[in-house]
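*Asks:* Based on what follows, work out the 3D shape:
(one chain, ligands or ions: 2)
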Amino acid sequence: MVFDAYITASLHCKKCGKVNIKDISYFELRKIQGKSIYCECGEPLIRIKSPDLKTFHILISCLACNKEHIYNLKWSSIPFRKVKILTCPVSMHEVAFVGGGYLVRSLADRKQQDSIELLSSI
Ligand SMILES: [Zn+2]
Ligand SMILES: [Zn+2]
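*Replies:* Ligands and ions are numbered 1, 2, ... in the order given. Here you go, the predicted structure:
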């Protein structure tokens, strides 16, 4: 069995609108300060840490309501063969996807396709 040593996060930058999909290694999650991800434009997107690799702490600066949200997720609820959709508790807007790399990428593609279709159907 191949051990997947990465978790993938996908989210929109609230400043430039770019979709960022990043792989984060477990090694980086275990650091005290966790792993912060920045957009190419310099905007901070998300911070993930999991010192014990049992619980994930995810901090997102929300593009929908402009507040910082903290999500505490059990490792077991996002195994790498799944995707977790994080929604803004205020606006119910989908702010990020985290999980297995392949699944996160295909979901992000599909969502983008949906919004393109939505735009072209108007
Ligand atoms: Zn950006
Ligand atoms: Zn929000």
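
*Asks:* burial measure for Thr87, as a count.
*Replies:* The local packing count at Thr87 equals 15, with neighbours defined by other C-beta atoms under 10 Å. The way it works is simple: take the backbone N, C-alpha and C, and place the C-beta from them, glycine included.

*Asks:* likewise Pro89?
*Replies:* Using other C-beta under 10 Å, the number of residues around Pro89 comes to 14.

*Asks:* Likewise for the one 10 residues further on?
*Replies:* The criterion is other C-beta under 10 Å. On that basis, Gly99 has 21 neighbouring residues.

*Asks:* Now do the spatially closest residue to it that is not a sequence neighbour against Gly100, distance only.
*Replies:* Leaving aside its sequence neighbours, Gly99 sits nearest to Val83 (C-beta to C-beta, 6 or more residues apart in numbering; 3.8 Å). For Val83, the distance to Gly100 equals 7 Å [C-beta to C-beta, to the nearest Å].

*Asks:* tally of neighbours for Cys39?
*Replies:* Neighbourhood size, Cys39 [other C-beta under 10 Å]: 20.
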